[in-house]
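[1] Sequence first, then the predicted structure, then my questions.
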Amino acid sequence: MGYIINIVLVLLVLIVIVVVHEFGHFIAAKRAGVKVSEFFVGFGPRIWSFRKGDTEYGIKWLLIGGYVKIVGMNPEEKISPEDFPHSYKGVSYGKRFWIIVSGSLMHFILAILIAFFTIWLVGIPMLTSTVSQVEQNLSEDTKTPAYMAGLQPGDTITQADGQKITGWEDLTNFIAGHPGEEVDFLIERDGRQINQTITLARLDSGNGFLGITPEAAKHNYSLGASFGETGKWLGDYSYGVFYGFYRIFNLSTLKQLVGISPPTSERPVGVVGISRLAGQLANEGAYFFLNFLAFILLFLAYVNLFPLPPLDGGHLLVLAIEKIRGKEVDMQKLYPIAVAVLAFFAILFILTLRLDIFSPINLP
């Protein structure tokens, strides 16, 4: 039942995301003096609508997104001479560019705003060098070094062999680099400083191992620092988007999608997988859910700008070709490419749905 609720909530969020995208096209078209005949949430038969000016607004039965109908964007649409100056084809290339790009721009802006306010107002959970849990067993007959040394929840490791430890990353890097070695740790416990010598274990990977789970502490940033952190977020997650596309077209990922290889955590997820992850992240706290939402928006902003019809990037490519050549592109010749792109996304949706159901990804 929980999964069904998550799916419904995610679908509602996706509807909002699509409507935000279409609203970008709508506003840009209106500002460019181009008529927008329809702005609807959903598809199929009308549930309710009203007309204001040249535009009919409303809701349709199939609530899986939304659309705007911009006069002149459909190459098969017949436009009267009096309407041509207020059609997509009747305005400058610059205005057409902004009409097309504004959908992704809305996603991009919203992603950055969510990331910024999440960093500033919610704060980022940071893993610390304070012990949350002590793992007892390294194997069936071997205890962990932390358990053998008597480390306790609440202990904070501040130094390792005289090296200052400021957080979990410092600690894990040090431990990984000293397998099987005796290490002098300085530990803060109940306001007291304790020196403890612990011999680290050696894992099969060759890394050192202590056997503790860290506590997380929320780190709040000032208004000014939040701008810088948002810039870092944008760089890191933009890289994540393009790395994700590399993973989709990677041979090992394709084998997982078609069932040749067992699925791993580094594979695409569909609506069901996104719903499950969103529900788990919401349970982890506001930061994780909002960060995930911002990433989805950023992902969609980039995807829509890929130069493939029928995506917005495909329309931009056509616009650029028409500008360079000085004449219109025959859209009929692009239909096979558009059909192939839609078929690819449909197949990807089906394959990811299969993995989401039979091999779901869960947070560790």
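    Looks like it arrived, so ask away. Since the structure is predicted, the reported quantities are computational estimates derived from the model, not experimental observations.

[2] ok, which stretches of the protein are strands?
    In the chain, the strands defined using DSSP state E lie at 36-52, 55-70, 124-134, 137-139, 142-143, 156-160, 163-164, 182-189, 192-199, 201-202, 208-209, 212-219.

[3] mind putting the ones you listed in TSV, mean pLDDT, mean neighbour count and distance to L300 included?
    To be clear about C-beta, it is placed using only N, CA and C from the backbone, and glycine gets the same treatment. What follows is these, written out as TSV (pLDDT from 0 to 100; neighbours: other CB atoms under 10 Å; distance: least, CB to CB, whole Å):
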stretch	mean pLDDT	mean neighbour count	distance to L300
strand 36-52	94	14	17
strand 55-70	91	17	12
strand 124-134	93	18	23
strand 137-139	88	12	44
strand 142-143	91	13	48
strand 156-160	96	19	41
strand 163-164	96	10	42
strand 182-189	96	17	45
strand 192-199	95	13	48
strand 201-202	94	18	44
strand 208-209	94	20	40
strand 212-219	91	16	28
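
[4] of all the ones you listed, which lies closest to V10?
    For the strands of the chain, proximity to V10 was assessed by CB to CB; strand 55-70 is nearest, at 12.1 Å.

[5] re earlier: right, and the strands of the chain - which one's nearest G90?
    strand 55-70 (11.4 Å).

[6] tell me, what residue is most central in the chain?
    With distances taken as CA atoms, centre = their mean, F295 lies nearest the centre of the chain, 2.6 Å away.

[7] what's the pLDDT at that residue?
    You'll see F295 listed with a pLDDT of 94.

[8] Look up the closest residue to it, ignoring the ones flanking it.
    The shortest distance from F295 to any non-neighbouring residue, by CB to CB, 6 or more residues apart in numbering, is to Y237 (5.4 Å).

[9] again, but for V318
    Distances taken as CB to CB, 6+ apart put V329 closest to V318, at 5.0 Å, once the chain neighbours are dropped.

[10] Determine the number of other residues adjacent to the one you found.
    When neighbours are counted by other CB atoms under 10 Å, V329 registers 15.

[11] Can you check the pLDDT for it?
    In this model, V329 carries a pLDDT of 86.

[12] cool, and the one 5 residues further on?
    For L334, the model assigns a pLDDT of 87.

[13] any idea how far it lies from L319?
    To L319, L334 is 13 Å away according to CB to CB, to the nearest Å.

[14] Could you do T128 as well?
    Remark: distance between T128 and L319 (CB to CB) = 51 Å.

[15] got it, and L200?
    60 Å.

[16] who has more neighbours, the two?
    Comparing L200 with L319 by other CB under 10 Å, the one with more neighbours is L200, at 24 against 18.

[17] My read is that the more buried one contacts G180, right?
    Yes - between L200 and G180 there is a contact at 6.4 Å, judged by CB atoms under 8 Å.

[18] what do those two both touch?
    G208 (CB atoms under 8 Å, 6 or more residues apart in numbering).

[19] Can you tell me the closest non-neighbouring residue to A217?
    According to CB to CB, 6+ apart, the nearest residue to A217 is T128 (5.1 Å).

[20] Quick check: that neighbour touching P214?
    Yes - counting by CB under 8 Å, T128 does reach P214; the two are 5.8 Å apart.
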